[in-house]
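A.B. asks: have a look at this prediction, sequence included:
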Amino acid sequence: MTARIIDGKIIAADLRTQVAREVERVKRDHGLTPGLAVVLVGNDPASEVYVRSKHTQTQAAGMASFEHKLPADVAQDDLLALVAKLNKDPAVHGILVQLPLPKGLETEVVINAIDPAKDVDGLHPHNAGRLAGGQPALAPCTPLGCIILSKTVHGSLEGLNAIVIGRSNLVGRPLVQLLLNENATVTIAHSRSRDLAALTARADLVYAAVGRPEMVKRDWIKPGATVIDVGINRIPTAEGKTRLVGDVAYAEVAEVAGAITPVPGGVGQMTVACLLVNTLRAACAIAGLPKPAV
Ligand code: GUN
């Protein structure tokens, strides 16, 4: 058996098209241009690539994009002052502070300073709490992307056995909540879980979000399971270069899985597309408009 490849590129492009259509509509009918502000502190090369891609895709969807670059040694109070200014700015409906922040800055303090209505990363405790309570909330973009990809395979996730490997605030924990909202049966596993292979082997849906290159092996996977790989790990090759791999040993797992996301070209593509969705939704909510169609 060879797994069907879940093409994040195509699915994300389709989502961006839907967002662009809705942005056009709210602009035309309500004079509302959704705006996203992205704050990048320091010059981590991977973060710079992400931020550039967010800027390009935000503009391509017809939204306003505001980029703020601060030096790595910025005082925390200055960063908080920028967040406060963006909170008040009526042209800004979404605020994203790119993570990880350089050493010396307290992530929690900065995230908690963002207006929850503009928290398009879904990281503020207000949104995390609402999500955990089953209330409408802005949810983190990567887990939202994971759910959309899974639904392209299954339609409904109701009653399926899911395992989430990893318990980060950005992915694992919110993904568990979103899966519960979809009526899946969820196991959350992590670095201290015993017999991860046996736990994973029960799952119809496997979400790998641990940050360990190619950790999930072929014999962990129930034949026909759907495997969603959130990992992005850069590893050295024999030729002295580097290549990107996920948390799943792709080639061997693809021989038993029913469907699998590639790395790159899977989940990564969905994150920015879902950020656009969240920005559109935040803009409509702030403006008191009905929920958009996406
Ligand atoms: N760094 C890597 N992924 C993300 C994300 O989804 N949001 C933020 N703020 N930083 C990130």
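C.D. replies: Ah, there it is. Numbering: from 1, shown residues only.
A.B. asks: so where's the stretch 101-250 of the chain shaky on pLDDT?
C.D. replies: By pLDDT under 70, the stretch 101-250 of the chain has no low-scoring segment.
A.B. asks: give me the phi and psi for the residue in it positioned nearest to the ligand.
C.D. replies: Residue nearest to the ligand within the stretch 101-250 of the chain: residue 121 (4.7 Å; C-beta to the nearest ligand atom). Where C-beta positions appear, they are placed from N, C-alpha and C, glycine not excepted. Recorded main-chain torsions at residue 121 are phi -90, psi -10, according to degrees, to the nearest 10.
A.B. asks: pretty sure it contacts residue 139?
C.D. replies: No. Here residue 121 lies out of contact with residue 139, judged by C-beta atoms under 8 Å, at a distance of 9.4 Å.
A.B. asks: what is in contact with the two at once?
C.D. replies: residue 278 (C-beta atoms under 8 Å, 6 or more residues apart in numbering).
A.B. asks: what is the burial count for the residue of the chain found nearest the ligand?
C.D. replies: Across the chain, the shortest distance to the ligand (C-beta to the nearest ligand atom) belongs to residue 99, at 3.6 Å. Neighbours of residue 99 under the rule other C-beta atoms under 10 Å: 16.
A.B. asks: which residues touch it?
C.D. replies: The neighbourhood of residue 99, defined by C-beta under 8 Å, 6+ apart, consists of 47, 107, 170.
A.B. asks: show the end-to-end separation of stretch 91-102, please.
C.D. replies: With C-alpha to C-alpha, to the nearest Å as the measure, stretch 91-102 spans 28 Å from end to end.
A.B. asks: what's the answer for stretch 223-234, then?
C.D. replies: Stretch 223-234: ends 28 Å apart by C-alpha to C-alpha.
A.B. asks: picking up where we left off before, and the ligand, which of the contacts of residue 99 reach it?
C.D. replies: Residues of these in contact with the ligand (C-beta under 6 Å from any ligand atom): residue 170.
A.B. asks: state which helix of this structure is the longest.
C.D. replies: helix 8-30 (DSSP state H).
A.B. asks: what strands flank the helix or strand following it, and is each parallel or antiparallel?
C.D. replies: Next helix or strand after helix 8-30 toward the C-terminus (DSSP states H and E): strand 35-41. Strand 35-41 pairs in its sheet with strand 64-70 (parallel), strand 94-97 (parallel), by DSSP bridges.
A.B. asks: among the ones you listed, which is the most enclosed?
C.D. replies: Ranked by mean neighbour count under mean count of other C-beta atoms under 10 Å, those are led by strand 94-97, which reaches a mean of 27.
A.B. asks: show me how far that strand is from its chain's centre.
C.D. replies: For strand 94-97, the separation from the chain centroid amounts to 13 Å (computed by C-alpha atoms, centre = their mean, to the nearest Å).
A.B. asks: what's that strand in contact with?
C.D. replies: 34-39, 41, 54, 79, 83, 86-87, 110-111, 114-115, 118-121, 275, 278-279, 282-283.
A.B. asks: what residues are bridge-paired with the nearest residue to the residue of the stretch 101-250 of the chain closest to the ligand once chain neighbours are set aside?
C.D. replies: Closest residue to residue 121 apart from its sequence neighbours, by C-beta to C-beta, 6 or more residues apart in numbering: residue 96 at 5.3 Å. Taking DSSP bridges as the rule, residue 96 bridges to residue 38.
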